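Q: Fold the following, please.
(2 chains)
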Amino acid sequence: MPKSLLEPDVIARAQALGLKARTLVEGLRVGDHKSPFRGFSVEFVQHREYVPGDDIKHIDWKSYGRSERYTIKQYEQETNFVGHILIDASRSMLYGEGESNKLSYAKLLAASLAYLVIHQRDSAGLAIFDKAWRSIFPPSGQPGHVTTLLRALESTEPQDKTSIGPLLHDLAQQIRRRGLVFLISDCLADVDALLAGLQHLRFAGHEVTVFHVLHRDEVQFPFDGNVKFDYLEGSLQVLTRPHLIRPAYVRAVQKYLKELQEGCERNRCDYVAMDTSKPLGEMLTAYLARRLRVRLV
Amino acid sequence: MNFVAPYMLWGAAAAGVPIALHFFFRSRYRTVPWAAMKFLLMSIEQTSRRLKFQELLLLIVRCAVLVLLALALARPLISTVVASGKEAVDAVFVFDTSFSMGAREGKQTRLDFAKSAALAIIDHLPAYSTVQVVTCADKALLLGPRESGNLDQARQIIKKLELTDLATDLAPGATEAVSALARGSSPNKELYLFSDMQKLGWEQNAGPLAKTLKDLSDRATIYLVRCGSQVPRNVAVLGIAPQSGIPRPGERVGFAVLVRNTGAVPVQNLRVGLAVDGRGKEHEEQPIAVLKPGETRAVTLSAKLGKAGLRVLTATVKQDDLDADNRFDQVIQVRDQVRVLVVDGGRDEREPDRSAAYYLEHALAPVKDDLKPKYHVRVTSLTPRQVSAAELAKHDVCILVNVALERGPAGVEVPPADFVDQLGPFVRRGGGLIVFGGDHVVPAAYNRVLGKQLGLLPLKVAGVASFPEEKAIQPDRNSIDAPSLLRFREDEDYKDLGGVDVLRTLDLEELVKDAKDGKEAGREVVRVLMRYTNGKPAIASRKVDAGEVLLFGTSAAPGWKPKTREATWNWLALWPGYVPFVEASLNHLLHRQTQNHNFTAGDTLRWHPPAARDGDIEQSYVLVYPPEKAGAEGKRVALGRAETVQGRAVVTATGLERAGVYRLTLADRIGDEASGQGEPVPPERRERKPLDVPFAVVPDLRESANLESLSDAQLDERLGFQPVHLTNDAAANVTSVTERTNREWTLWLLAAVLVLTLGEAVLAWVCGRAW
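A: Below is the predicted model:
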């Protein structure tokens, strides 16, 4: 059921903290988010000298009375933002049992984000991909849009391989207005291509957050005995004794994670490692708290 | 490679188990769907070569452990013999039965130790093993058992083993053992040598012995079982020498009994005794407070002799650890009369006191002329022209003084040819011959006639050596090496012998050491009895069959210059000790005449019946052995009739391995002479006077001359390989079993299995760790 993706506990804690955009975004609606455009709203920001062409109705006559100079009063304009939620539904996301299944975890995360965004009167869109766009839901701030997105997530089944980089380029070209991009994926794809796509998005002015969803097994490799590893995204099968290669595996994974994390930092993207063995609420709360702290600072 | 239990090699198939397990465990796996295959492949790529190597190494080690275990259980043999599939052993036990094995350590002798060790080893031999027993002193004898697999019989043989009075020579025993082992069919062959490892036994035929054992070591395991660990306290009786006069009936005669401490510690409170014909009542004893190691002492004892004839002197010593050489028997001839023929080639009828015969006649019969016919030494003095073969036959001793053997300058007499020809047979029959130098002695003639033709000359005469008065040489008392002359070395009364000037002497050419010419059947026949101060031989001796020849380098007389009293040869005849010296020399030869009644253990008894008993030769002879115990009858061994060799009847007996007094007598029955059964000998063939000829057999004293044993390291060095050294204690059997196992490689292989197993554990631990 769509509502199953919305855990009350998760939502409650997320709402309590609020979703604060770190940067100013453009918005069509007045909301909690400040616009970079100085408008004529209620919250005064500063005076500036009148220049021909300005609407005279914005002249502050009280200031003129005091200083005999024409000044215009400027106000901060609050806007809403568009959150683009990108969720990886390739077969590699199939790993994990029950709640720790990566795709389930990703779906829950996506649903939580969508609900939060729409609940605070912003717009949220959803794009489901594997090696191509599988389905795209344009951003909307309508409360009923949550249901649409939840249904879409609920019906998503993993298939095909992952290819993120080209899709991010494609997305950067399609989205005209700056917004928030939430990438939810295990990122088991070409890291260079992925980072190039992120860079493109950042270049387009989007704030990008990468939710890197990994199962603990994929990091720690805690297997023993003889194990045949069956590749989820292909027909490859590898029989090995994992405990003998564990250090080499862990070294390779850590190198990859470090490379990805540094690439994100380099592109000023938020990188959030999501361990599916940990409760999503805890992980999301930590993320939002971190965002708020950044803002306050 | 050969195996005792080859069927266990099937166990090597277990080496397939690790391989099967490897594939079995590879087939047992769980499938995990996996997304991060990229990292998995990367890590496998980094580690796969190492893991494969480790896996292969572990597999090899595990397979090797199982293969080696199977090999160990199959008990491979180190030797090249053919495996028969059973572990039975063909063992040959060689027992050293020389008399040093009779040395006591506590209450047991070394032979007792050897028997105990051998019986213990037999008890631990594997089933179906065979044993053959060989005794070895200087001869080897295979005692059986008749069926080598009959171990009970082997035990009985071992229990009944007896010592001999022979010296040790292990070479014959080793050779016999090789033959005995060759007859066995088992691939496992073992030689056990039970001995005190006395140095003599390994030295007599060191080369052949080492080669025989080394060759054998390729086919058999050689165990040297050391019996006894202590050097025994030992005093040996070396001999009996008459000290005075010629033994005459009813006289009390002095004898020097030579005793020597051949052990390593002083022996105290010795008692040396002498008895005649075993008569205990007339036994005389002398104590010796202390005899130091290596010290030889001449103990003078007297014995009252009975009637004329062959008498047996028995010298004994008590209080040591080795009994065999504590008794020394010697047969002496007690004579009523001794007939001496003096042939003087330089006789001066006008002035007889200037000739050598004059001095010799007076020295041999130092009594007044009217008593000479009754004196026991009858001297016949003749010139070379007067002597004849018949005359020679009437005498016991012949003295040639200054005799030319070949015709030379005018006026020099030479003895007739028949006389010269008979000198050889005369000596061989037991006669004594003394040859003195002199002006008429031509070295070349002596070398040719007495040397080459007759074989009587002890040493080759190289020439005549002269010395001026101021550089005169003297006899060296300390060089005296004959029991009969010993008193001239030991007794201070004769110290003036060293001051007697010798101006001229025959230059006697000494034989090089180890020359065959001076030996007969390995025994020395030529000896230098006394030397001059310049080291040259003064008196040399040659034993020729039953007789002996004494060659004096210098003359029997001074060799006066014409019409002067200046000596040209020596002043010996004017030395106060001249008379006893001549008498001692005569005694020496007379003593020698009984040497065909005196043997060393191991010798062959050869006795020529005297002409007076020619009738005996139709009858069979019986040799009565020394009794086993005092008062018991000795074993009687039939010798058969006398054989005729070179025209002379001779009775021969071998196997005289025990010391003691043997008696030769005639069989009184035909058929089974030894046991007394069979038909009685017809009266006409019976001798009126019963035959009773004594023979004294003494231990081979080479055995106790040096009782030193070789250490294990010395034995290894001599042999050129390392045999298994065992001791006679109870651990002998355990050690041999252990050694047998070692020879099969089993322990080595098990050790390898253990090492590999430990290695596998370590390797598995290391490989089980992730890197």
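
Q: if you look at stretch A:252-259, does any of it touch chain B?
A: Yes. Contact of stretch A:252-259 with chain B (C-beta under 8 Å from any C-beta of the partner chain) involves A:252, A:253, A:256. (C-beta placed from N, C-alpha, C; glycine too.)

Q: could you pull out the helices for the stretch 51-200 of chain B?
A: B:110-123, B:151-159, B:170-182, B:199-203 (DSSP state H, counting those that start in this stretch).

Q: right, and those helices - which one's nearest chain A?
A: helix B:110-123 (56.5 Å; C-beta to the nearest C-beta).

Q: for that closest one, the distance to its chain's centre please.
A: Offset of helix B:110-123 from its chain centre (C-alpha atoms, centre = their mean, to the nearest Å): 25 Å.

Q: List the buried residues of that helix.
A: By neighbour count on 16 or more other C-beta atoms under 10 Å in any protein chain shown, the buried set for helix B:110-123 is B:110, B:111, B:112, B:113, B:114, B:115, B:116, B:117, B:118, B:120, B:121, B:122.

Q: what do you get for stretch B:289-307?
A: So stretch B:289-307, judged by 16+ other C-beta under 10 Å, has buried residues B:291, B:297, B:298, B:299, B:300, B:301, B:303, B:305.

Q: Kindly export it (C-alpha atoms) in PDB.
A: C-alpha atoms of stretch B:289-307 as PDB (Å, rounded to 0.1, in the frame of the first residue of the first chain):
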ATOM      1  CA  ALA B 289     103.600 -58.100  47.900                       C
ATOM      2  CA  VAL B 290     102.800 -55.800  44.900                       C
ATOM      3  CA  LEU B 291     103.200 -56.100  41.200                       C
ATOM      4  CA  LYS B 292     102.800 -52.900  39.400                       C
ATOM      5  CA  PRO B 293     101.100 -52.600  36.000                       C
ATOM      6  CA  GLY B 294     103.500 -53.600  33.200                       C
ATOM      7  CA  GLU B 295     106.100 -55.000  35.700                       C
ATOM      8  CA  THR B 296     107.700 -58.400  35.000                       C
ATOM      9  CA  ARG B 297     109.100 -60.300  37.900                       C
ATOM     10  CA  ALA B 298     111.200 -63.400  37.900                       C
ATOM     11  CA  VAL B 299     110.300 -65.500  41.000                       C
ATOM     12  CA  THR B 300     112.800 -68.100  41.800                       C
ATOM     13  CA  LEU B 301     111.300 -71.400  43.000                       C
ATOM     14  CA  SER B 302     112.800 -74.800  43.300                       C
ATOM     15  CA  ALA B 303     111.300 -78.100  42.500                       C
ATOM     16  CA  LYS B 304     112.500 -81.500  43.400                       C
ATOM     17  CA  LEU B 305     112.600 -83.600  40.400                       C
ATOM     18  CA  GLY B 306     111.800 -87.300  40.300                       C
ATOM     19  CA  LYS B 307     113.100 -90.000  38.000                       C
END
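
Q: now it: mean pLDDT?
A: In this model, stretch B:289-307 has an average pLDDT of 84.

Q: Using a markdown table, lay out the helices of the stretch 51-200 of chain B together with mean pLDDT.
A: Formatted as a markdown table, these follow (pLDDT from 0 to 100):
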| stretch | mean pLDDT |
| --- | --- |
| helix B:110-123 | 86 |
| helix B:151-159 | 89 |
| helix B:170-182 | 87 |
| helix B:199-203 | 83 |
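
Q: Including distance to chain A, could these go into a markdown table?
A: Below are the helices of the stretch 51-200 of chain B laid out as a markdown table (distance: least, C-beta to the nearest C-beta, whole Å):
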| stretch | distance to chain A |
| --- | --- |
| helix B:110-123 | 57 |
| helix B:151-159 | 60 |
| helix B:170-182 | 59 |
| helix B:199-203 | 64 |
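
Q: Tell me the one of the residues of stretch A:252-259 next to chain B nearest chain B?
A: Nearest to chain B out of these is residue A:252 (C-beta to the nearest C-beta; 4.2 Å).

Q: Now do the contacts for the closest one.
A: B:39, B:42, B:43 (C-beta atoms under 8 Å, 6 or more residues apart in numbering or on different chains).

Q: Ok, residue A:90 next?
A: Contact analysis of residue A:90 by C-beta under 8 Å, 6+ apart lists A:129, A:130, A:131, A:158, A:159, A:160, A:161, A:162, A:233.

Q: can I get the CA coordinates of the strand or helix carrying residue B:590 in PDB?
A: Using DSSP states H and E, residue B:590 falls within helix B:578-592. C-alpha atoms of helix B:578-592 as PDB (Å, rounded to 0.1, in the frame of the first residue of the first chain):
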ATOM      1  CA  TYR B 578     132.000 -68.100  31.700                       C
ATOM      2  CA  VAL B 579     131.200 -71.500  33.200                       C
ATOM      3  CA  PRO B 580     127.600 -70.700  34.200                       C
ATOM      4  CA  PHE B 581     127.100 -68.900  30.900                       C
ATOM      5  CA  VAL B 582     128.100 -71.900  28.900                       C
ATOM      6  CA  GLU B 583     126.100 -74.100  31.200                       C
ATOM      7  CA  ALA B 584     123.100 -71.800  30.700                       C
ATOM      8  CA  SER B 585     123.500 -71.900  27.000                       C
ATOM      9  CA  LEU B 586     123.600 -75.700  27.100                       C
ATOM     10  CA  ASN B 587     120.500 -75.700  29.300                       C
ATOM     11  CA  HIS B 588     118.800 -73.500  26.800                       C
ATOM     12  CA  LEU B 589     119.300 -76.000  24.100                       C
ATOM     13  CA  LEU B 590     118.400 -78.900  26.300                       C
ATOM     14  CA  HIS B 591     115.300 -77.100  27.300                       C
ATOM     15  CA  ARG B 592     114.500 -76.700  23.700                       C
END
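
Q: hang on, residue B:239 in a strand?
A: Yes. Using DSSP: H, G, I helix; E, B strand; the rest coil, the assignment for residue B:239 is a strand.

Q: any weak-confidence spans in the stretch 51-200 of chain A?
A: A:75-80 (pLDDT under 70).

Q: Taking it, what residue is nearest to chain B?
A: Residue of the stretch 51-200 of chain A nearest chain B, by C-beta to the nearest C-beta: residue A:92 (3.7 Å).

Q: Quick one: mean pLDDT for the helix holding residue B:590?
A: 86.

Q: Which strands and helices lie in contact with the following helix or strand past that helix?
A: As assigned by DSSP H and E, the chain's next helix or strand after helix B:578-592 is strand B:598-600. Judged by 3 or more C-beta pairs under 8 Å, 6 or more residues apart in numbering or on different chains; DSSP states H and E, strand B:598-600 is in contact with strand B:327-334, strand B:693-698.

Q: so what's the residue most central in space within chain A bridging to?
A: Central residue check for chain A by C-alpha atoms, centre = their mean: the C-alpha nearest the mean position is that of residue A:182, 1.6 Å away. With DSSP bridges as the criterion, residue A:182 is bridged to residue A:85, residue A:209.

Q: Next, format the helices and strands packed on strand B:598-600 as a markdown table and append mean neighbour count, mean pLDDT and distance to chain A.
A: Shown next, in a markdown table, are these (neighbours: other C-beta atoms under 10 Å in any protein chain shown; pLDDT from 0 to 100; distance: least, C-beta to the nearest C-beta, whole Å):
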| stretch | mean neighbour count | mean pLDDT | distance to chain A |
| --- | --- | --- | --- |
| strand B:327-334 | 22 | 86 | 87 |
| strand B:693-698 | 23 | 88 | 87 |
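
Q: Dump these to a markdown table, plus distance to residue A:124.
A: Below are those laid out as a markdown table (distance: least, C-beta to C-beta, whole Å):
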| stretch | distance to residue A:124 |
| --- | --- |
| strand B:327-334 | 132 |
| strand B:693-698 | 132 |
